[in-house]
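# What shape does this take:
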Amino acid sequence: MSKVITALSVSVDGYITGRDPRPGHGLGDGGILFDWYSSGDVPSRAFPGFTLTAQSVRFFDEAAGRVGASLAGRKTYTDSNDFAGGAPHPTAPLVVLSHQELTPASDRQHIVTTGLADAVDLARELAGDKDVALMGGVITTEALKAGLVDELILHQVPVLLGGGRPYFHELSQHIGLRLIEAVVAPDVTHLRYEVQR
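Sure, this is the predicted structure:
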């Protein structure tokens, strides 16, 4: 069965965007969070156009290769300009969880308005034997609360942004994590955790 994972770039102080994220500027003033996508000279096999460091490319390509569908909330979708009618992953379809009806911009996009569990179910179906990748702090937090997340990946960038959208929002209880892997690169540290249940 596929896993539900989340893999986002995050500042040391826990933000996945800088200040003032909005449509057309999804990272606000936090663009530095994505600098590691082009800071090396090793081409990614999973994401054309990405050139990573030797330390990052193996970890990144392995994680990206596991993704069979992405699942984003409406805010992430809107701030990312509807992913230009596509999806954040070059080969995986996108499921968008929204409280309002939306018209998908292409056949790679699927809109779910009936709740998180239904969105995860559809994403799992689309992913087949691959994983579902969550995008966004609110959707990740709600999926953690519902016991739906299997793994967390933090691409931790060595910067304190001081504001923005947090990776994790308030939880009603502690959630234990087990470190599976840590890879240190010059401009990012990749941390992979298993969620304990």
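
# got a list of what the residue sitting nearest the centre point of the chain touches?
With distances taken as Cα atoms, centre = their mean, Met135 lies nearest the centre of the chain, 3.6 Å away. Under the criterion of Cβ atoms under 8 Å, 6 or more residues apart in numbering, the neighbours of Met135 are 6, 8, 70-73, 76, 88. Backbone N, C-alpha and C define where each C-beta goes, glycine included.

# Just send the residues you listed back as CSV, with secondary structure and neighbour count too.
As requested, those are exported to CSV (DSSP: H, G, I helix; E, B strand; the rest coil; neighbours: other Cβ atoms under 10 Å):
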residue, secondary structure, neighbour count
Thr6, strand, 26
Leu8, strand, 19
Ser70, strand, 25
Leu71, strand, 31
Ala72, strand, 26
Gly73, strand, 22
Thr76, helix, 25
Pro88, coil, 16
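
# picking up where we left off before, may I have the beta-bridge partners of the residue nearest to the centre of the chain?
Ala72 (DSSP bridges).

# Distance-wise, check it relative to Val67.
For Met135, the distance to Val67 equals 11 Å [Cβ to Cβ, to the nearest Å].

# so where do the helices sit in this structure?
For the chain, the helices defined by DSSP state H occupy 54-65, 74-79, 116-127, 137-145.

# any chance of those in CSV, plus distance to Ser38 and mean pLDDT?
Supplementary listing: the helices of the chain in CSV, determined by distance: least, Cβ to Cβ, whole Å; pLDDT from 0 to 100:
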stretch, distance to Ser38, mean pLDDT
helix 54-65, 11, 97
helix 74-79, 21, 90
helix 116-127, 27, 97
helix 137-145, 24, 96
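
# Any idea which of the ones you listed gets closest to Asp20?
Relative to Asp20, the nearest member of these by Cβ to Cβ is helix 74-79, separated by 10.5 Å.

# Against which helices or strands is the closest one packed?
Applying 3 or more Cβ pairs under 8 Å, 6 or more residues apart in numbering; DSSP states H and E, we find helix 74-79 packed against strand 94-97.

# Send me the strand it packs on as PDB with only the CA atoms.
Provided in PDB are the C-alpha atoms of strand 94-97 (Å, rounded to 0.1, in the frame of the first residue of the first chain):
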ATOM      1  CA  LEU A  94      -2.500  16.600  -8.400                       C
ATOM      2  CA  VAL A  95      -5.500  16.400  -6.000                       C
ATOM      3  CA  VAL A  96      -6.700  19.700  -4.500                       C
ATOM      4  CA  LEU A  97      -8.700  19.800  -1.400                       C
END
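
# Could you give the separation of the worst-scoring helix or strand of the chain on mean pLDDT from the chain centroid?
Least confident helix or strand, the chain: helix 74-79 with a mean of 90, by mean pLDDT, DSSP states H and E. From the chain centre to the centre of helix 74-79 is a distance of 13 Å (Cα atoms, centre = their mean, to the nearest Å).

# Return the alpha-carbon coordinates of that helix using CSV.
Only the C-alpha atoms of helix 74-79 are listed here, as CSV (Å, rounded to 0.1, in the frame of the first residue of the first chain):
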residue,chain,number,x,y,z
ARG,A,74,-6.7,25.3,-1.9
LYS,A,75,-4.3,28.0,-0.5
THR,A,76,-1.2,26.3,-1.8
TYR,A,77,-2.9,25.7,-5.1
THR,A,78,-4.0,29.3,-5.5
ASP,A,79,-0.7,30.8,-4.3
